[in-house]
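Undergrad: Fold the following.
(one chain, ligands or ions: 1)
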Amino acid sequence: MSKTMVALDFSSREDVSNFLAQFKEPIYVKIGMELTYAFGFDIIREIKAMGHHIFLDLKLHDIPNTVKKAMKNLARLDVDVVNLHAAGGSAMMKAAIEGLNEGAINGKRPLCIAVTQLTSTSQEAMNEELKIAGSVQDCVLHYAKLAKDSGLDGVVCSVHEAKAIHEVCGSEFLTVTPGIRLADDSKDDQKRVATPQYAYEQGCDYIVVGRSITTAQDSVATYHEIEAVMEGK
Ligand code: C5P
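TA: So this is what the prediction gives:
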């Protein structure tokens with residue numbers, strides 16, 4: 001299975017279809033709140049029916065019972081990966097896994113990964129607004145460990161955190177990392193970016209790549225180039 005997840009951050013269904021039509025084989029895509037809230041779960045079913053793998057990035061965060069029931073419904077969509085906020089706590093994360101198991105199709109539940117601290121949260125905002133003491137790095141590692149102990153399969157994290165997370169949580173614990181740019185790309189609104197090669201060297205299991213692929217002159221060729229790097233070729 002591909003290690004490159006393409007972020008389908010498009011605002012129209014037509015743009016999504018045109019983009020996917022370029023690929024002859026199934027790829028891994030990330031579908032977030034923007035597409036889901038605009039077009040509903042039909043778009044997920046459609047993309048699934050084309051054979052693509054799906055990371056459904058809806059970042060759940062609610063009381064355990066609600067998250068459990070929501071996850072049961074997401075599992076029924078037969079997506080490959082779902083996620084939630086580790087800040088919801090271990091009871092919520094355990095409930096999420098229960099829900100996914102209940103909704104699993106043919107006994108196979110989606111993988112569940114946790115968002116630790118959003119990369120948009122600064123050290124100052126974390127300490128002063130959220131009233132979480134210590135460094136962002138410590139908080140990320142603590143949340144990753146909590147996610148692992150709650151039965152989750154991995155975390156969304158920065159490339160720069162992947163190595164430390166594997167050291168604390170083990171190499172089997174998945175690290176899924178956005179903020180990827182090719183060496184000569186623009187950074188756009190991303191602050192700290194890394195190349196696919198660096199992500200590979202840091203042991204990232206999956207990378208999430210949006211604009212470097214979706215706005216490339218040849219998206220298919222760029223996707224394959226990046227995937228070859230992630231496969232260590
Ligand atoms: O276009 P680009 O490669 O920057 O897109 C990255 C994708 O990963 C977007 O869908 C963005 O919302 C998501 N993401 C991120 N940074 C995070 C979490 C998610 O860029 N910390």
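
Undergrad: Show me what from the chain comes close to the ligand.
TA: 7, 9, 32, 118-119, 156, 178-180, 188, 190, 208-212 (CB under 6 Å from any ligand atom). No exception for glycine: its C-beta is placed from N, CA and C like everyone else's.

Undergrad: run the last query once more with 5 Å
TA: 7, 9, 119, 178, 208, 210-211 (CB under 5 Å from any ligand atom).

Undergrad: longest strand anywhere in the protein?
TA: Longest among the strand segments of the chain by residue count, using DSSP state E, is strand 53-60.

Undergrad: if you average pLDDT over that strand, what comes out?
TA: For strand 53-60, mean pLDDT is 98.

Undergrad: from the middle of its chain, how far away would that strand be?
TA: 7 Å (CA atoms, centre = their mean, to the nearest Å).

Undergrad: again with stretch 72-85
TA: 12 Å.

Undergrad: who touches it?
TA: 28, 41, 44-45, 48, 53-61, 67, 71, 92-93, 96, 99-105, 109-115, 156, 176 (CB atoms under 8 Å, 6 or more residues apart in numbering).

Undergrad: I'd like to know how far the residue of the chain at minimum distance from the ligand sits from residue 180.
TA: Closest to the ligand within the chain is residue 210: 2.5 Å, counting by CB to the nearest ligand atom. Per CB to CB, to the nearest Å, residue 210 is found 9 Å from residue 180.

Undergrad: more crowded one of the two?
TA: residue 180 (26 against 20; other CB atoms under 10 Å).

Undergrad: residues contacting the more buried one?
TA: Contacts of residue 180 (CB under 8 Å, 6+ apart): 159, 193-196, 199, 207-209, 212, 226.

Undergrad: among those, which are in strands?
TA: Using DSSP E, the contacts of residue 180 in strands are 207-209.

Undergrad: Turn these into CSV, columns for neighbour count, distance to residue 231 and pLDDT.
TA: Listed next are those as CSV, based on neighbours: other CB atoms under 10 Å; distance: CB to CB, whole Å; pLDDT from 0 to 100:
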residue, neighbour count, distance to residue 231, pLDDT
207, 28, 12, 98
208, 22, 16, 98
209, 27, 14, 98
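
Undergrad: Name the nearest of these relative to residue 171.
TA: Nearest to residue 171 among the ones in strands among the contacts of residue 180: residue 207, at 16.8 Å, using CB to CB.

Undergrad: and residue 78, how far is that from residue 68?
TA: 18 Å.

Undergrad: Do you know the pLDDT at the residue lying farthest from the centre of the chain?
TA: In terms of distance from the mean C-alpha position of the chain, residue 128 ranks first, at 27.2 Å (CA atoms, centre = their mean). Here the pLDDT value assigned to residue 128 is 97.

Undergrad: Next up, the contacts around it.
TA: Contacts for residue 128 (CB under 8 Å, 6+ apart) come out as none.

Undergrad: circling back to that earlier point, okay, the contacts of residue 180 in TSV with distance to residue 148 next?
TA: Output for these, formatted as TSV (distance: CB to CB, whole Å):
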residue	distance to residue 148
159	19
193	27
194	23
195	27
196	25
199	21
207	21
208	20
209	25
212	30
226	28
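
Undergrad: Mind checking which of these land in helices?
TA: The helices, defined by DSSP state H, take in 159, 196, 199, 212, 226 from the contacts of residue 180.

Undergrad: Most neighbours among those, which one?
TA: residue 199 leads the ones in helices among the contacts of residue 180 on contacts (other CB under 10 Å) with 29 neighbours.

Undergrad: so that residue makes contact with residue 227?
TA: No: in this structure residue 199 lies outside contact range of residue 227 using CB atoms under 8 Å: 12.0 Å.

Undergrad: Burial check on residue 22, number of neighbours?
TA: Neighbours of residue 22 under the rule other CB under 10 Å: 11.
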